[in-house]
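> predicted model, plus sequence, below.
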Amino acid sequence: MNHMKSVRSWIFSLFLLSVLVSCRWGGDKVYRESDFLLDTVVTVSVVSGSAGRAGQAIEKVFRELKRLGGLLNFYSSKSEIREINENAGVKPVRVSGDTLRVIQRAIEAAEETNGAFDITVGVITHLYDFRKKIHPSADAVRAGLALVDYRDIEVDPGRMTVFLRKKGMMIDPGGITKGYAADRAVSILKKEGIRAALVAVAGDIRGYGLKPDGKPWRVGIRNPRGAGDDIFAAVELRDQAISTSGDYERFFIEGGVRYHHLIDPKTGYPARGVISTTVIAPLAVKTDSLATAVFISGVARGMKIIEGLGYNAIMIDSGGVRHLTEGIRDRVEFIKKDN
Amino acid sequence: MSLLKKTIKETSHLNWILLVFLLFFYLTGFIFVGRLMPAGETVIVEVNGKTVYKLALSEDRIVDVKGPIGVTKVEVKDGRVRVLYSPCPEKICMKQGWIRRGVIICVPNRVVVSIKGGKVRGVDAITG
């Protein structure tokens, strides 16, 4: 009997100890890897109980994004986008399912925003050289504007072709590709059995699931007039995506005027009135394109678009005033500057 | 009587001492791990995704980092880090200046300078 007692209490002690040890050392961890893809830095964080499985899943994501980059790069001579642009006004071009879908999503975004997001503005944006501080002449902008209209993109899903109706037209899907890529990454990770992950294709970020500590992913929003690591707010992401467009990403200042990369497709000039726009929605392909569209639309129209779609946004106007949609007010934490 | 209650009642003094002893070891583990780990933050310098330097943020120094288009100079000083020189055309990484947290990225020279171990205000990523 005594012997039995002793055995039982030993088992009890060992059981308690193993519970304590497993709380401390066992369970899931966050595995994070970065790579240079899509002309930017892609960081994938996954929650997994195994380094091997996490690594394998991340590797699959990187391979897929590399493939997407090859299809969708505006500047590459071998991309499908280049082929479409070279055949503008000539003939429809047969493309992959991904290119077709990205262009369809871009047209959808244009329709939702009354043309504030328009990938045919590529014909004007490519006249800018932000490094050499070159902006196009008024005549060049006027000539370019004649070729800007998303309704001149013909997509034939049956034949899998894309055709730009006018010669000289150009599409640049740069404002939607990163979001599309983040969504693709998330579907790959889910298929690989990853329970929680955060994919950041530069500033286009999508997260799902909870971190090992049971908390949601937290994303900081860059201060538009601060250093690169300076954030003014933080938002918790619960199975959602977030993107930010700002006039500080690619720009130069000439004669006191800031020339930035967010060109208004209606005027051909950089949009004024807003300095930063953050959009939160279920899909990154949406947040990416809408952040640009809402920036261009300005505060009044921009907020209306986002609220109409049932999403959320945080905008900062050129006076530094913050504007928030109703649904985000209690979910955003503003951070005071500490240095 | 439930099995748990029965087990607790039947556990001998010696075994309770053993349990307390094990608990003590377990808890002191937390304190010692905290003490033994480097207290400060670390600057990680990567080229093409491969870590080439791990530097203490508390130690002032300048390192040369060879990337595909040339040598990027990274400076650590007074608990901050910056890209002192970069061969890239736009010099966005240099213009970013000193950072105490977060990351500096030079896409053309494939260099990523990041600060790890510090409190990045508890955010997992930055948009913008």
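Yes, it's here.
> low-confidence ranges in the chain?
If you meant another chain, say so; for now it's chain A. Counting by pLDDT under 70, chain A shows low-confidence ranges at A:1-7, A:9-10, A:12-26, A:228, A:337-339.
> actually it's chain B I care about, not the one you picked
In chain B (pLDDT under 70), the answer is B:1, B:29-40, B:117-121.
> what ranges do the helices span in it?
Listed in chain order, the helices of chain B (DSSP state H) span B:3-10, B:13-36, B:92-95.
> can you check the stretch 1-150 of chain A too?
For the stretch 1-150 of chain A, helices defined by DSSP state H, counting those that start in this stretch occupy the ranges A:2-25, A:51-72, A:80-86, A:97-112, A:122-125, A:138-145.
> tell me which of those lies nearest to B:Pro87.
Nearest to B:Pro87 among the helices of the stretch 1-150 of chain A is helix A:51-72 (23.4 Å), distances taken as CB to CB. To be clear about C-beta, it is placed using only N, CA and C from the backbone, and glycine gets the same treatment.
> what comes into contact with that closest one?
For helix A:51-72, the surrounding residues in contact (CB atoms under 8 Å, 6 or more residues apart in numbering or on different chains) are A:29, A:31, A:33, A:35, A:37-39, A:42, A:44, A:46, A:48, A:76, A:78-81, A:95-96, A:98-99, A:102, A:173, A:177, A:180-181, A:184-185, A:188-189, A:192-194, A:199, A:201.
> next step: those restricted to strands.
A:29, A:31, A:33, A:35, A:37, A:42, A:44, A:46, A:48, A:199, A:201 (DSSP state E).
> just flag the most distant two among those residues.
A:Lys29 and A:Leu37 (23.7 Å).
> so which of the two has more stuff around it?
Per other CB atoms under 10 Å in any protein chain shown, whichever of A:Lys29 and A:Leu37 has more neighbours is A:Leu37, with 21 against 15.
> so who does the more buried one touch?
Neighbouring residues of A:Leu37 by CB under 8 Å, 6+ apart: A:62, A:65-66, A:69, A:181, A:201.
> distance of it from A:Ile153?
Distance, A:Leu37 to A:Ile153, by CB to CB, to the nearest Å: 26 Å.
> which residues of chain B lie near chain A?
Residues of chain B lying near chain A by CB under 8 Å from any CB of the partner chain: B:7-8, B:10-12, B:15, B:18-19, B:22-23, B:26, B:29-30, B:46, B:48-49, B:89-90, B:96-105, B:107, B:110, B:112, B:120-128.
> can you flag which of those belong to strands?
B:46, B:103-105, B:112, B:125-127.
> and which of those is nearest to A:Glu326?
Scanning those for proximity to A:Glu326, where the rule is CB to CB, the winner is B:Thr127, at 20.7 Å.
> which residues touch the closest one?
So B:Thr127 contacts A:200, A:203-205, A:219-222, A:242-244, A:278 (CB under 8 Å, 6+ apart).
> ok, 6 Å please
Shown in contact with B:Thr127 (CB atoms under 6 Å, 6 or more residues apart in numbering or on different chains): A:203, A:205, A:219, A:221, A:242, A:244.
> swap in A:Pro282?
Counting by CB under 6 Å, 6+ apart, A:Pro282 has contacts A:Gln240.
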